[in-house]
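1. Provided below are the primary sequence and the corresponding predicted coordinates.
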Amino acid sequence: MNEAAVRERAFSMPLTSPAYPPGPYRFCQREYLVITYRTDPERLRELVPGPLEVIEPLVKYEFIRMPDSSGFGDYTESGQVIPVSFNGKHGSYTHSMFLNDEAPIAAGRELWGFPKKLAQPTLRTETDTLVGTLDYGPVRVATGTMGYKHKAADGAAVLASLSEPNFLLKIIPHVDGSPRICELVEYRLEDIDLQGAWTGPGALDLHAHALAPVADLPVLEVVSTTHFIADLTLGLGKVVHDYLR
């Protein structure tokens, strides 16, 4: 294979059998359980990278079931998203993310800079309760519950939240271990078709873990709980801040 062929084929690793295909990536019947909670404001400010700014001491803990994802298949995800502002623009910063599928782990880290790690999240309905769990190895680190479809949620508010910009810290090391890429990336969800949204009583339980430290942002008070289903496209990102310049 000559150098021109390498340049033409190079997209992802491995060169001859990439871990994921080129986008765009469409998600159908993507189901969310989002539990918004109040946390320690000082701890939150320690973990959110500037120039992002913390708006208020809130965290959105998400369990996301993705049964039909182009290029990625069928998988589940769980993690923490923090409301922030950037240059006066409100959005969300993804602080942690755990999932059970290699392709979106590789794509998420390489393309956008999603902070993805391998774990075992679930989202399912148990009789009258929507239940989300996250296990890291054999250890349970998060459990979220919600009364199933107790009340219709404000669809316009859910759509507005999904349409906001999202921010990620993308880090790729050089071969000597120093950072070669260290960028703040912005991306958006596109072509959103919200199929239903509900609210109800919710609870969230987080446990300490050395490698899945979701409990570092402790639950002081559950503020709201939302369950919704949507079709959407995950848009590719753009660099909005370069930490190495």
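-> Ah, there it is.
2. mean confidence for the longest helix anywhere in the chain?
-> Assignment by DSSP state H gives helix 155-163 as the longest helix of the chain. Average pLDDT, helix 155-163: 96.
3. which helix or strand contains Y32?
-> strand 25-38 (DSSP states H and E).
4. and that strand, what does it pack against?
-> Applying 3 or more CB pairs under 8 Å, 6 or more residues apart in numbering; DSSP states H and E, we find strand 25-38 packed against strand 58-69, strand 139-147, strand 202-206, strand 221-234. Where you see a C-beta, it was placed from the backbone N, CA and C, and this is true even at glycine.
5. any idea which helix or strand comes after the longest one?
-> So the one you mean is strand 221-234. Per DSSP H and E, the helix or strand that comes after strand 221-234 is strand 238-242.
6. can you pull the buried residues of that next one?
-> 240-241 (16 or more other CB atoms under 10 Å).
7. ok, that strand: who's next to it in the sheet?
-> The pairing partners recorded for strand 238-242 under DSSP bridges are strand 179-187 (antiparallel).
8. how about residues contacting the partner strand?
-> 49, 51-52, 86, 91, 112-113, 165-174, 234-244 (CB atoms under 8 Å, 6 or more residues apart in numbering).
9. now which of those residues would you call buried?
-> By 16+ other CB under 10 Å, the contacts of strand 179-187 give 52, 86, 91, 112-113, 165-170, 234-235, 237, 240-241 as buried.
10. ok, the residues you listed vs Y75, which is closest?
-> Minimum separation from Y75 among the buried ones among the contacts of strand 179-187 (CB to CB) is found for L234, which lies at 13.3 Å.
11. tell me the gap between stretch 76-91 and the middle of its chain.
-> Averaging C-alpha positions (CA atoms, centre = their mean, to the nearest Å) puts stretch 76-91 9 Å from its chain's average.
12. next: stretch 158-166.
-> That offset, for stretch 158-166, works out to 13 Å (CA atoms, centre = their mean).
13. and for stretch 122-134?
-> 19 Å.
14. pull out the buried positions in it.
-> For stretch 122-134, by 16+ other CB under 10 Å, it's 123, 130-134.
15. which residues does M13 contact?
-> By CB under 8 Å, 6+ apart, the neighbours of M13 are 19, 106, 110.
16. and the last one, how close does it get to L236?
-> In this structure, E110 and L236 are 12 Å apart, going by CB to CB, to the nearest Å.
17. that older thread, beyond the longest helix of the chain, next helix or strand please.
-> strand 166-173.
18. give me the pLDDT for G23.
-> 88.
19. am I right that it sits in a helix?
-> No - counting by DSSP: H, G, I helix; E, B strand; the rest coil, G23 is not found in a helix; it is coil.
20. so it touches G71, yeah?
-> Yes - counting by CB atoms under 8 Å, G71 is a contact partner of G23 at 7.1 Å.
21. got a list of contacts for the helix or strand bottoming out on mean pLDDT in the chain?
-> None of the helices or strands of the chain scores lower by mean pLDDT, DSSP states H and E than helix 3-9, at a mean of 93. With CB under 8 Å, 6+ apart as the test, helix 3-9 has contacts from 1, 15-16.
22. how far does it sit from the chain's center?
-> That offset, for helix 3-9, works out to 33 Å (CA atoms, centre = their mean).
23. residues near V158, how many?
-> 22 (other CB atoms under 10 Å).
24. so how far is A152 from it?
-> 11 Å.
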